[in-house]
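Visitor: What would the 3D arrangement of this be:
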Amino acid sequence: MRILVIGRGGREHAIVWSLRKSPKVTALFCAPGNGGIAELAECVPITEFQFAEIAEFVRQNAIDLVVVGPDDPLYEGIVDYLEEHGIRAYGPNRAAAEIEGSKVFMKHLLKKYEIPTAAYEAFEDYEAALAYLRKLGAPIVIKADGLAAGKGVIVASTLEEAEKALKEIMVEKQFGASGNRVVIEEFLQGQEMSLLAFVDGNVVKPMVPSQDHKPVFDGDKGPNTGGMGTYSPVPHIPQEIVQQALDTIVKPAAEAMVKEGRPFRGVLYAGLMITADGPKTIEFNARFGDPETQVILPRLKTDLLEIILATLEGRLADLAIEWSEEAAVCVILASGGYPGSYPKGLPIEGLDAVGGALVFHAGTALEDGRLVTSGGRVLGVTALGRDIADAREKAYAAADRISFEGKQNRTDIALKALNAMK
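Guide: Model prediction:
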């Protein structure tokens, strides 16, 4: 099969890497791709939002399947567009992608179907939101309604921080139109967990759980990012809790979308908080997570293409999906200044010295044959091991061998698991 992957980040590199292993794949393309993806697939200079150009490329190159990685084009309706033009595509349509594209829609859906989540209110008026904020106090969580590259959620520990965040979102429009509405919700305490699933309507096939590290600095300090590292499994969260999350949150959400006339097909990602009262929903995403994908797909034993085809052909319920018992840890190497402004075009060295680790490129480019930085999150270094400690040691050893000016990374990825198991 000839396949086109849409996207340019570490998630898409991991998807391309996984698809490359399938014996059914005869040709692999990526639009627009990055410096690392170029080693596995032919990168095409078409952006994620050039729907007509993508469709034309598919026709001219006899592409059999399009796999969409990022959230933005899904929410803008790329799957609808491609299917209207007779092109087979993997990912939710525009109506189903609303579960990520609007936090207000998502929260209302959870409330309607009594799916566990934090108490909340939604606002379009800044003064009304401010009054509610002052009434509740801190700690509290403020979320921009729309997509914001994983950065539109602010966990405020003081009222001053909360008021500042609300002003930045609704008045200063830090996230543009995504901040026209906000969700203000109670602060939940507990362990975070990401639980992704392959979904086709009411059929839900869970992936192995993982845990992300959103804040930029060690100890979960500093502003939120797209994610600074992940690990899988999450050994300090019992399997019965994972099953409870699946039974009370993920499956009911998929069923709710069917009842709403928005059946979900693709990867449904539940961001969860494991509280003293059980699992509660923080968010839903309508695609593979980044950087969760970089630890989940390396543990997948079943052919990813087989799973995608089974979903598109209505066979997902009958497919047994197998996972490796090995643990995986991913450490993100970011540009200096991220998640604020950062330089680009800095040479990257040491990629040939990482041993058996996997390096998934996120913000890289090829300039005159040389690999340079081109984004905030530059690389994700993933290692597999017999357990979390072993995988963590290997991942950091490999990450330390890679260098570029201003490189920053957290040094405590997966320590929550190790400390909890002592």
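Visitor: now the residue nearest to the spatial centre of the chain: how far from residue 14?
Guide: Residue closest to the average C-alpha location in the chain (Cα atoms, centre = their mean): residue 289, at 1.9 Å. Computed with Cβ to Cβ, to the nearest Å, the distance linking residue 289 and residue 14 is 10 Å. For every residue, glycine as well, the C-beta is placed using N, CA and C.
Visitor: ok, residue 212 - contacts?
Guide: Contacts for residue 212 (Cβ atoms under 8 Å, 6 or more residues apart in numbering) come out as 192, 194, 227, 229, 230, 289, 291, 292.
Visitor: which of those residues lies closest to residue 34?
Guide: residue 291 (14.4 Å; Cβ to Cβ).
Visitor: The closest one against residue 225, yeah?
Guide: No - taking Cβ atoms under 8 Å as the definition, residue 291 is not a contact partner of residue 225, at 10.1 Å.
Visitor: out of the two, which sits in the more crowded spot?
Guide: Legend: neighbour count by other Cβ atoms under 10 Å for residue 291 and residue 225, higher for residue 291 (30 against 23).
Visitor: The more buried one: what's it in contact with?
Guide: 10, 11, 212, 226, 227, 229, 230, 330, 332, 360, 377, 380.
Visitor: circling back to that earlier point, which neighbours do residue 291 and residue 225 share?
Guide: Counting by Cβ under 8 Å, 6+ apart, the residues touching both residue 291 and residue 225 are residue 377.
Visitor: isn't there a helix covering residue 25?
Guide: No - Residue 25: not assigned to a helix; according to DSSP: H, G, I helix; E, B strand; the rest coil it is coil.
Visitor: Flag every buried residue along the host helix or strand of residue 244.
Guide: Assessed by DSSP states H and E, residue 244 sits inside helix 239-245. Across helix 239-245, burial judged by 16 or more other Cβ atoms under 10 Å covers 241, 242, 245.
Visitor: ok, now stretch 163-180?
Guide: Buried residues in stretch 163-180 (16+ other Cβ under 10 Å): 163, 165, 166, 168, 169, 170, 174, 175, 178, 179.
Visitor: Point out the least confident member of the residues you listed, please.
Guide: pLDDT across the buried residues of stretch 163-180 is lowest for residue 178, at 84.
Visitor: for it, what are its contacts?
Guide: Residues counted as contacts of residue 178 (Cβ under 8 Å, 6+ apart) are 144, 145, 146, 147, 148, 152.
Visitor: okay, now the second one: neighbour count?
Guide: The number of residues packed near residue 145 is 25, by other Cβ under 10 Å.
Visitor: close enough to count as contact, it and residue 98?
Guide: No - if you go by Cβ under 8 Å, residue 145 and residue 98 don't touch, sitting 11.1 Å apart.
Visitor: Report pLDDT for residue 149.
Guide: We have a pLDDT of 69 for residue 149.
Visitor: same question, residue 53
Guide: At residue 53, pLDDT is 98.
Visitor: Quick check: it touching residue 59?
Guide: No - the criterion here is Cβ under 8 Å, and residue 53 misses it with residue 59 at 10.9 Å.
Visitor: Quickly check the buried residues of stretch 163-180 for the two that are furthest apart.
Guide: Pairwise distances among those were taken by Cβ to Cβ; the largest, 19.2 Å, belongs to 163 and 178.
Visitor: Run a quick neighbour tally on the closest residue to residue 358 other than its chain neighbours.
Guide: Nearest residue to residue 358 in three dimensions, chain neighbours excluded: residue 382, at 4.4 Å (Cβ to Cβ, 6 or more residues apart in numbering). Residue 382 has 31 neighbouring residues, counting by other Cβ under 10 Å.
Visitor: Next up, the contacts around residue 382.
Guide: 294, 295, 298, 328, 329, 330, 357, 358, 359, 360, 395.
Visitor: The closest residue to the third one other than its chain neighbours - how many residues pack around it?
Guide: Here the nearest residue to residue 298 in space, its sequence neighbours aside, is residue 328; by Cβ to Cβ, 6+ apart that works out to 5.1 Å. Residues lying near residue 328 (other Cβ under 10 Å) number 28.
Visitor: where along the stretch 251-400 of the chain do the helices fall?
Guide: 251-259, 293-296, 304-312, 388-400 (DSSP state H, counting those that start in this stretch).
Visitor: Pick the most buried one from those helices.
Guide: helix 293-296 (a mean of 31; mean count of other Cβ atoms under 10 Å).
Visitor: I'd like the average pLDDT over it.
Guide: For helix 293-296, the per-residue pLDDT averages 98.
Visitor: swap in stretch 24-41?
Guide: In this model, stretch 24-41 carries a mean pLDDT of 97.
Visitor: Mind listing what's buried along that stretch?
Guide: 25, 28-38, 40-41.
Visitor: Which member of these is positioned nearest residue 255?
Guide: When the buried residues of stretch 24-41 are compared for distance to residue 255 (Cβ to Cβ), residue 25 wins out at 32.8 Å.
Visitor: Tell me the backbone dihedrals of that closest one, please.
Guide: Per-residue torsions, residue 25: phi -80, psi 120 (degrees, to the nearest 10).
Visitor: Over to the one 4 residues further on?
Guide: Note on residue 29: its backbone torsions stand at phi -130, psi 160 [degrees, to the nearest 10].
Visitor: Low-confidence regions, this structure specifically.
Guide: Counting by pLDDT under 70, the chain shows low-confidence ranges at 149-150.
Visitor: Can you spell out the domain ranges of it, please?
Guide: For the chain, automatic domain parsing gives the domain ranges 2-93, 119-186, 191-318, 327-420.
Visitor: a markdown table please, covering those domains and showing distance to residue 110.
Guide: A markdown table is the format used below for those (distance: least, Cβ to Cβ, whole Å):
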| stretch | distance to residue 110 |
| --- | --- |
| domain 2-93 | 17 |
| domain 119-186 | 9 |
| domain 191-318 | 6 |
| domain 327-420 | 26 |
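Visitor: Select, out of the ones you listed, the one closest to residue 106.
Guide: Of those, nearest to residue 106 by Cβ to Cβ is domain 191-318, at 5.4 Å.
Visitor: one step back: so which of the helices of the stretch 251-400 of the chain gets nearest residue 1?
Guide: Across the helices of the stretch 251-400 of the chain, closest to residue 1 is helix 304-312 (Cβ to Cβ), at 7.1 Å.
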